[in-house]
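**Student:** Just the structure for this:
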Amino acid sequence: MSEIENNKILARRWFELISEHQVEEICAITAPTWKLHGGPPQLPQGPDGVRQLFGSFGDIKQTWTIEDVIAESDKVVVRATNTCMQDSFFGIPARGKQQTFTATFIHQMKNGKIVETWRNADDLGRVIQLGALIQPPNE
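**Tutor:** Numbering: from 1, shown residues only. Below is the predicted model of the structure:
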């Protein structure tokens with residue numbers, strides 16, 4: 001099997017592990033220097049960053065559905081849909097409210113590990129689903 005195919009399998013596995021909330025298994029496929037772009041600010045690198053990221057979610061039940069996987073060289077792009085329920089999101093109460101949003105991730109792989117991840121998700125659509133209002137500033 002080619003390295004590109006192995007990378008695609010690894011990227012798909014990452015989403016399965018997130019849906020199963022298997023944090024330590026995610027850490028096992030994450031490089032010690034892993035960085036996340038598009039996530040919480042000042043997240044540590046590597047497995048400690050993964051642990052902190054998942055610790056920030058609070059009580060969450062989520063399922064990722066992969067829509068597309070495209071790979072070239074050492075990068076894998078995944079477009080996916082998340083259906084989740086959690087207590088709050090960005091400080092907005094969410095208990096009992098199902099949210100569905102799309103996201104695109106680009107994973108860079110090296111030696112069978114994810115070394116860097118870029119995330120672009122519809123967080124605005126998600127907060128609107130929770131009833132947040134967007135208001136212009138008072139002038």
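
**Student:** Report the rounded mean pLDDT for the helix or strand where Ala80 lies.
**Tutor:** Using DSSP states H and E, Ala80 sits in strand 75-86. Averaged across strand 75-86, pLDDT comes to 97.

**Student:** nearest residue to Val23 other than its sequence neighbours?
**Tutor:** Distance criterion C-beta to C-beta, 6 or more residues apart in numbering; nearest residue to Val23, sequence neighbours excluded, is Phe54 at 4.8 Å. C-beta coordinates here come from the backbone N, C-alpha and C atoms, glycine included.

**Student:** Give me the pLDDT for that neighbour.
**Tutor:** 90.

**Student:** Would it be right to say that it lies in a helix?
**Tutor:** Yes: with DSSP: H, G, I helix; E, B strand; the rest coil as the criterion, Phe54 is part of a helix.

**Student:** ok, it - contacts?
**Tutor:** Taking C-beta atoms under 8 Å, 6 or more residues apart in numbering, we find Phe54 in contact with His21, Val23, Ile26.

**Student:** And the strand holding Ala80, what's buried?
**Tutor:** Buried residues in strand 75-86, counted by 16 or more other C-beta atoms under 10 Å: Lys75, Val76, Val77, Val78, Ala80, Asn82, Cys84, Gln86.

**Student:** List the contacts of the second one.
**Tutor:** It stands for Val76. Contacts of Val76 (C-beta under 8 Å, 6+ apart): Asn7, Lys8, Leu10, Ala11, Val69, Ile70, Ile106, His107, Met109.
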